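Peer 1: can't give you the sequence, but here's the structure:
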């Protein structure tokens, strides 16, 4: 008795393909019934998956695993293009299966890989299938580009807009939230991190349904030109029709830009205000402006003129340097228009922040225990969500190495050119590098879960050090410090976030 498997695939998941999908399965079952010495083991079917790569074809990969386990001796498939549209994949997998004693019969093409001359015909048919895939990809790209030039929107719905049939339509509730974000950032000059905190606290959901907002998520909204009525497409592109991997477009292909394409959610004036503020927040080389990379950047204010203190380095005779902060008004025009004239040393400012924190009445042990417990939940969730099986990654890497060998064989036999071989080898090297990185990450996550209690102790110790400012955490200090105000009478007032109490210091 010969155990037979069958493999079928439809290129799209459109409704008109469903009959083809079902009919392929019926066809294989009927075909096997006409061979008394054959018995159907399983039908492996990938629906709506491209044939140029096997990476996401779960049923195909399961079939290969079962072949290695010796569960069948023959695979039936309709034609070469259903098996694979990548010539190197086709040759590599059929050789791999033949080495296991498993033949592949392409019914409509009249090819069986167990025949002596099968590889020659298979190479020809696989080349034709790959070329057809390339032409199809070119036609689709050309068609999409023409549609984009006409203003058809490609992409998914976003906060404030729904996308249906290539048309953007305003969604009122989301649009109101978008306007609120722009107002908070551009008009009220609130930071993206603070906006994220406000939105989370007020219970607003992100477009993806998450309850927790992030500064990066807010920033993406502020940068999205769709909210001012413009449309920019082809921000990503696909350089290789075989791998289908998208890349960020950094000038490799022209962008398609249409101004005033649809009804805006925010006015052009408000949009420009937000973009101007983002541009100012980015430190420009040689501009002399202040970036946000230091703990006290933008946090120290002048009590007289309201200006923000800027940092300047002072060098001692022994070569050491210290950062000092002075009023930006006097530093900028040099006319002493502001007479505060106070220089604040970085270490003095840190000492005042540390003193204020130590004066707070709070149960530090309870805070540390609670935060450590939350951190451990995140670590466990990350390990659960991100962990991959290192052995599975090993198998994938071994499979790619076999493909590299098959490509070399195909080149030596004249089936592909040296140029094709070089391109394939480069792609396989990139895939191996990515898999090695994923494997290293998988092993790290695996190791992280082996001693969680030790991690919890370490986290608690780090939190204790941070809360007492024994270890300077820029993220913590920036989050907890509201402002430090410097007055002319040589006293300073420090305020912490979300607390009404003012801490006064004198020289």
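Peer 2: That came through, no problem. Keep in mind the model is a prediction, meaning the values are calculated, not measured.

Peer 1: what ranges does the stretch 51-200 of the chain have for its strands?
Peer 2: 74-77, 103-106, 111-112, 161-164, 167-170 (DSSP state E, counting those that start in this stretch).

Peer 1: just so I know, which of those strands lies nearest residue 236?
Peer 2: Closest to residue 236 of the strands of the stretch 51-200 of the chain is strand 161-164 (Cβ to Cβ; 16.3 Å). C-beta coordinates here come from the backbone N, C-alpha and C atoms, glycine included.

Peer 1: list the helices and strands that closest one packs on?
Peer 2: Helices and strands touching strand 161-164, as assessed by 3 or more Cβ pairs under 8 Å, 6 or more residues apart in numbering; DSSP states H and E, comprise strand 167-170.

Peer 1: run the last query once more with 10 Å
Peer 2: strand 167-170, helix 172-182 (3 or more Cβ pairs under 10 Å, 6 or more residues apart in numbering; DSSP states H and E).

Peer 1: quick one: residues in contact with the shortest one.
Peer 2: Applying Cβ atoms under 10 Å, 6 or more residues apart in numbering, the external contacts of strand 167-170 come out as 151-153, 155, 157-158, 160-163, 178, 226, 229, 231, 261-265.

Peer 1: residue 277: how many residues sit nearby?
Peer 2: As a burial measure, residue 277 scores 14 neighbours (other Cβ atoms under 10 Å).

Peer 1: do residue 143 as well
Peer 2: 10.

Peer 1: circling back: sort out for me which of the contacts of strand 167-170 are in helices.
Peer 2: Using DSSP state H, the subset of the contacts of strand 167-170 located in helices is residue 178.

Peer 1: now mean pLDDT, distance to residue 422 and mean neighbour count too, for the strands of the stretch 51-200 of the chain, in a markdown table please.
Peer 2: As requested, the strands of the stretch 51-200 of the chain are arranged in a markdown table below (pLDDT from 0 to 100; distance: least, Cβ to Cβ, whole Å; neighbours: other Cβ atoms under 10 Å):
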| stretch | mean pLDDT | distance to residue 422 | mean neighbour count |
| --- | --- | --- | --- |
| strand 74-77 | 91 | 30 | 23 |
| strand 103-106 | 90 | 28 | 22 |
| strand 111-112 | 86 | 28 | 18 |
| strand 161-164 | 90 | 40 | 15 |
| strand 167-170 | 90 | 43 | 15 |
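
Peer 1: could I get the ones you listed as a markdown table with distance to residue 296?
Peer 2: As requested, these are exported to a markdown table (distance: least, Cβ to Cβ, whole Å):
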| stretch | distance to residue 296 |
| --- | --- |
| strand 74-77 | 67 |
| strand 103-106 | 68 |
| strand 111-112 | 73 |
| strand 161-164 | 40 |
| strand 167-170 | 42 |
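
Peer 1: state the pLDDT value of residue 263.
Peer 2: Residue 263 carries a pLDDT value of 90.

Peer 1: show me what contacts it?
Peer 2: By Cβ under 10 Å, 6+ apart, the contact set of residue 263 is 161, 168, 169, 170, 175, 229.
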